[in-house]
Structures are given as C-alpha cells and as structure tokens.
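[1] need a 3D model of the sequence below.
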Amino acid sequence: MTEVAQRCPWSGRIEALRTVADIVTTRSSYESWAYLEALADLVEKWKDHQPTAEWIQHNLVRVLESCIPGLGLAPSPESVLTWLHRFGLTDAQLHAALFGAAIKQRRNLRPQQLRELCEILAELLDAKAAAAALVRMLTEVESGTVTSTFPTELPTDTPDLISGLLWSVFGHYRKDLRWRAAHTARSILTDGNSSIAPLVTNGLIKCLSSESAGAFRTPDLRFYWMSARVWLLIALQGAAAAKPSRLAEHFRAFEQTALDRDFPHIQVRELARNIAGLLAPHTAIQGTPGLFLTNQPTSCHLERNLGTADERDREPAEVRYSFDSMDTIPYWFAPLARVFDIPVRRIEELAEAWIVDRWNLSKEDWWNDPRELRSEDNQGRMMHRHGGIPREENLHLYMEYHALMLAAGELLDARRPIRYAPYDDAEDPWQYWFATHLPGQMTTWRADLRSAIPAEPRLFGPYPPIDEWLEPRTEEFDGFLGLDSKQLQTKRVLVSSHVSIRVPGGYGTCHVDSALVRPTHAVALQRALSAASNPTDWKLPEEGESQFEVQHHNFQLRGWMREYWRNEESLDDLDPFATGISWATQMPGEVFQSWASITAQGPSNQYLDRDRRPVVWVERWSILTPHVRYRSTFGTDEGHRTYVDRQALLEYLSERDMNLILTMQIGRIRNERSGSESYRLPISRIYLVDKSGAVTSC
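    Residues are numbered from 1 along each chain as shown. Just a heads-up that it's a prediction; the model follows:
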C-alpha cells in the first residue's frame, strides 16, 4: 500500500492520505495500528509538503479515535510514540490530538488501555500539564461527570483524589501495579518540596481504617481491602525509612494497628510495628510498653522433636469451606502448623471461621468471581503452586491467604509456643516462615539497589563478527578491569563482578573474583592457575572457606570477599522495578570491614567508614525493567560489580603484607541457532596487584 501511495503525483498526495486514513478507520483494532504506521511513514516522507501538514492537523484526531480501542494490541507504548512523532507535530500538538481522541473513546476503553494511554500521554507532557490531566481524569471518575474545561491549576481537593487513587491501586488484583503505586506513594510522601505531600499523607492514613475504594473501584468487582492495607503499609514503611519526620505525627495510628487484637492480621500488624519503630526516635510520643515485642512468639517448646504438625484430624461431619488441598493446605497452612507444632486441621478451623463466620463468604463466591472467570490467560498468574505467592490475586486466593495471616495472629495472641528444630544452630522458625510474606528489608526495597547500566561500549556494542568475538583479546580483559597501564590508576578498584552479554549469534559472561596471597610465592600461584587446562577446576576462596584456602609456611592464599544478604523469597520478588536485581552482594568480608570501620548493616550501593567516606561501591543492573517489554537490541542483560577504594585497598595490602590476586574468566558460546557448538571452556587471565599498585598479568 505504501509503495503504491509513494508513486502518486504531487497533486494526489492529499487524496492518497485520505485513502490510507479511511483504511485505518475501517480496519479492526489490531490492523489499524499497522496501517497507522504506514500513514506515519507517508507523512514523514512528505513532511515538506505544506498541504500534508495542514491535513494532518485537521484529521489526526479522527484517525487516532479509531485506533485507541486497540491500544493494547499495539506492540508497545514506545512504538506508538515513535509512530506519532513521524507525523511532524510538536509534543503539545500530539498530546492534544491523542487526548481529544481518547476523550471521545473513553467509555470504550478497558483499564489496561487507559494505563497504556496514560503512559503515552505522560511522555508528551511536562510535569505540571501531566498533573493537571491526571486530576481531570480523577475528578471525572469520582464525580461521575465529564468536565468541559481543562484545569491549568491543581484544585484544592487534589490530595484526596491522589490518596483515593493510590488506595484503590493498592487493592488491585495485579501485584506489579500495587508495587508501582507503592513507589509513587513513597516518592510523593518523601518529596520535601511538595506542598501536598502532608495532605496526601493524611489521606492515606485515613485509608488504614477503610474497606472501600469508593468511585475508584467498579461495584461489579470486589475490592481487596486487606491486600490494599498491606501494600499501603509497605509504602508507608518505605516512606518512614526515608523521611520519618513526615509520618512522626501519625505514630499513634501505627501503634494502634500493631496492637490490634480484633483484627490480628500478622502482615498488617508487623508492618505497622516496623513503621512505629522507625518513627519512635523522631517523636516525643511515648509508645505503649511492649509495643516492639508484639507480633513475636513468647515461648518455645521444651522438647524440640516435631510432634503433630503434619497430622490432620479426621474430617469434621460438616465441611463449611473446602480449602485447596493441592497447594493451600500443604504449602500455606502446613508450614505455619509446623512452626507452632499443631495439627494442620487447627489452622483450617481458624481460617474457616474468618471466611465463613466473619466475612460471610463461601466457595460459591469465588467460584463465580468475575476475575476467576474473565480470562484463561490469567490462570497461570493466579496460581500459588508449591506455596509461592502469585503475581495476581483472585477472590479464592484473597480469602485463603488473608485467613492464613489472621490465623497466625490468633495463634500468637493465644501465646502458643513455637517448636525449634532439634539441631543446635536451628534458625528462628517464626522469622523463617514470616520472611516470605514481607519485603526483604525494612529500610530498603530491592528496586532501590538498581544502578544505571554503565555507559561502556563493551556492554552495548558494536560487536565484531561472531567467529572473531568468540576469542576474547587481551585488551578486553584489561578493559573490563579498567586497566590502561600496568599500574592501578582509577580511584575505584574492581574486586568482584559478574556480567552477561548478548550479541548477534552468541552469549557471553565475564566473572571477576579476588583473594589475598603472600607476595613471596604469589607469582608461583599465578602461573599455576594460568596453566590449568580447565579454569573451572579451581576457585579462589571466600572469607572463611578453609577448604579452599592455603596456609603452608610462605604459601598462603586467603579469602577476603564474602557473599552477603542472600534473602529467600520475599514480596520484593513481585516488584517490577526489582526484576533481575539480587539482594546478594559480593563485598569485602568482616576482617576488612572491621579494619576500614565500615558499617554494613544491610544491602546498599555504597558503604562508608566512620568519617562518612565511601570505601566500597556496588553496582547492580538488569535490562529487565517495566519499560522494557521485550529485548530488541544486543548488549548486557544483567550484571553486578564491587569496587574498593584504591587508597584503602593498598593500605590494607601493605599492613597485611599481602598481594591481591584477581582472576577474570570470559566465557562465550554461540546461540543454538548459530551453530552446533554447545559449550566452550571459558578463557582465564590472572592478575597480581602489590601494595604499591603495580599490576602483572598472565
């Protein structure tokens, strides 16, 4: 079609555009986006034709109006923006056209289409205009009327609108949207220059006692208010960690929630208790005695052998609610029963009482739940197989999960003792069970650890042909370490790293590890390791790995790095901004931390000494973010790097009379579609750094 249109004479261009536009407006939602791209190509080629520009200004709204209902079928919001910019209009003109089309079609748009439309509109607006547009839409939703004027200033009820919107999203069935709302709420509440932040804070605090989303939730769908309360508290905990002064005046609200025995929801109470603990040093209010000991077991069994935890009593004469016997009972209820060493049937009874007696719900309610029946595509995302926390929630999961949380609270309030495992170094069974149901850290979200991808050509390309790329050159090893000479020049020294890269036809990884070696025999070790036929046959020890360390007279090889904070499953796994980012951190161990006076109480991107000077830096990145729907380019997938201050490192080596040994392994293979080669041994290079900063390699 575009080939034919491009061959038309100059005088027929407008007729050609009109013809293509008519095709766009008469095609199905999916096809209309393909034809819109063709129309954009024609306009871009004819951008110097004045009648074309005038025609677009008068007809673009009509064309977009036909495409808007199929917005979710477009490849991505980014591609839509790319097409729109080909029309040669300014962002303001594009926004006006798109917004005008959306206004006419807004009654026909589904929530997902509205969200993607908002993403596009936000890219075309400055912050003030975007805020005004958002408030207009929220006002229409809340009032049920369509406003005829576009606001230029934020109305006085803006904070209530924002807090109401956030509260409704906290109860959304998709947990990635709950996390997006949590990030938004934390950003608003911690903005020191925002005049509405205190008012939004007050509005969100009021939501703690609410069970309704008002006009922001259709009456046809049940509002998951208990889930909303959990994610609201997650957001407030993040805000309290970053800016406690903003929430300090609400200390009593969190204290009351943490001590609530009428609604003993263990998640809700624990998050409220954590927030109260963060606020306590910043308020003059005296907390209730025992506040910070609540939500904790008070005793444990004297005998440590497990007793009846896995036993189920015989079925009662009347089953009032039938729990999922495949996943809920063995993987949600049984682990809690083992913590308290009680029969699983007891957990079922407590949960059943909440569902049937308190909420007046039954299997029929979730069996006819619109979210359950809406689409088969959702079923995989709404499964809690083997006890995992599903990414999306339906009424079935909502009822059974929160009944579990309330049953746990009742057992604690009844002062039930917990049962420790019989081995000597058994960890706290309560904390082990509970960690899965909370964010991984109290003061840090895993998404906060994400760093920008380093702007380095080796991570983005261009790359040589695959046959040449498979054999890394010496300068590539030096480049990854940042070596321009045989002397450490950079302020930060790379001591640990893992980077993965995709190239046309292949995939590669780069590992860097380090340890300490006695200078007298360091070269002998360097040569021995470099001579190994298979570099995966050996490893450098971590701190405390005595089985890999060498201590034989002057032959000494010691570990000094350790992996910290390897958390198990937590709610951060559902955060789309944390995708591909790990809690685990490779950094200098306890000996170096003590020597450098580093305080490393939790995962961070920077660790300071007692004089507040940075000594250790950590970078973590991943290409998988909410803004990257699919991979269309080559370069780094994910990676992490740990750096140590050069001066601190050299002083440490000097005092310990040790050299630093660095190993770098680069492994590269072809893609399956690029050849029959399935595996290639990585290529290794060994570096020695002495106390003066001199570097040798082989």
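
[2] low-confidence stretches in the stretch 501-650 of the chain?
    625-633 (pLDDT under 70).

[3] let me know the secondary structure of the closest residue to Asp645 other than its chain neighbours.
    Among residues not flanking Asp645 along the chain, Val615 sits closest, at 4.9 Å (CB to CB, 6 or more residues apart in numbering). Glycine gets a C-beta too; all of them are placed from N, C-alpha and C. Of the three states, Val615 takes strand according to DSSP: H, G, I helix; E, B strand; the rest coil.

[4] would you agree Val615 is in contact with Asp609?
    Yes: the pair Val615 / Asp609 is scored as a contact, 5.3 Å apart, by CB atoms under 8 Å.

[5] now for these two: what residues contact both?
    In terms of CB atoms under 8 Å, 6 or more residues apart in numbering, Val615 and Asp609 are both contacted by the residues Ala596, Ile598.

[6] higher neighbour count, these two?
    Taking neighbours as other CB atoms under 10 Å, Val615 and Asp609 compare with Val615 leading, 23 against 17.

[7] before we move on, back to that, identify the residues contacting the residue nearest to Asp645.
    Ala596, Ile598, Tyr607, Leu608, Asp609, Val644, Asp645, Ala648.

[8] give me the buried entries from those.
    For those, a neighbour count by 16 or more other CB atoms under 10 Å gives the buried set as Ala596, Ile598, Tyr607, Leu608, Asp609, Val644, Asp645, Ala648.

[9] reformat the residues you listed as CSV; add secondary structure.
    Below are these laid out as CSV (three-state DSSP):
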residue, secondary structure
Ala596, helix
Ile598, coil
Tyr607, strand
Leu608, strand
Asp609, coil
Val644, strand
Asp645, strand
Ala648, helix
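
[10] give me the low-pLDDT residue ranges for the stretch 101-250 of the chain?
    The model of the stretch 101-250 of the chain has pLDDT under 70 over residues 111, 141-142, 144-157.

[11] run the last query once more with 90
    Applying pLDDT under 90 to the stretch 101-250 of the chain flags the ranges 101-162, 165, 191-197, 213-221.

[12] and the helices in it?
    All helices of the stretch 101-250 of the chain, identified by DSSP state H, counting those that start in this stretch, fall at 111-123, 127-143, 158-170, 175-189, 197-207, 225-242, 244-247.

[13] which of those sits closest to Thr298?
    Set against Thr298 and scored by CB to CB, these come closest in helix 225-242, at 23.6 Å.

[14] can you show me the CA trace of the closest one as CSV?
    Provided in CSV are the C-alpha atoms of helix 225-242 (Å, rounded to 0.1, in the frame of the first residue of the first chain):
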residue,chain,number,x,y,z
TRP,A,225,-9.2,-4.1,51.1
MET,A,226,-7.0,-6.3,53.2
SER,A,227,-4.4,-6.5,50.4
ALA,A,228,-4.7,-2.8,50.0
ARG,A,229,-4.0,-2.3,53.6
VAL,A,230,-0.9,-4.5,53.4
TRP,A,231,0.5,-2.6,50.4
LEU,A,232,-0.3,0.8,51.8
LEU,A,233,1.7,-0.1,54.9
ILE,A,234,4.6,-1.3,52.6
ALA,A,235,4.6,2.1,51.0
LEU,A,236,4.4,3.9,54.4
GLN,A,237,7.2,1.8,55.7
GLY,A,238,9.4,2.8,52.8
ALA,A,239,8.4,6.5,53.4
ALA,A,240,9.1,6.2,57.1
ALA,A,241,12.6,4.8,56.4
ALA,A,242,13.4,7.6,54.0
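
[15] picking that back up, the buried ones among the contacts of Val615: which two are farthest apart?
    For the buried ones among the contacts of Val615, the farthest-apart pair by CB to CB is Leu608 and Val644; their separation is 13.0 Å.

[16] and the helices of the stretch 101-250 of the chain, which is most packed in?
    Mean neighbour count (mean count of other CB atoms under 10 Å) peaks for helix 225-242 among those, with a mean of 24.

[17] next, format the contacts of Val615 as TSV and append distance to Ile347.
    Listed next are the contacts of Val615 as TSV, based on distance: CB to CB, whole Å:
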residue	distance to Ile347
Ala596	48
Ile598	44
Tyr607	42
Leu608	45
Asp609	48
Val644	49
Asp645	52
Ala648	52
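
[18] count of neighbours near the nearest residue to Glu249 once chain neighbours are set aside?
    The shortest distance from Glu249 to any residue other than its chain neighbours is 7.4 Å, reached at Thr283 (CB to CB, 6+ apart). Neighbour count of Thr283, defined by other CB under 10 Å: 17.

[19] give the contact list for Thr283.
    By CB under 8 Å, 6+ apart, Thr283 lies in contact with Ala248, Glu249, Phe251.

[20] can you check Thr158 too?
    Residues near Thr158 by CB under 8 Å, 6+ apart: Val135, Ile196.

[21] what about it, distance to Val344?
    According to CB to CB, to the nearest Å, Thr158 and Val344 sit 49 Å apart.

[22] ok, Arg419 next?
    Distance from Arg419 to Val344, counting by CB to CB: 14 Å.

[23] for Met226, same thing?
    Using CB to CB, one obtains 23 Å as the distance from Met226 to Val344.
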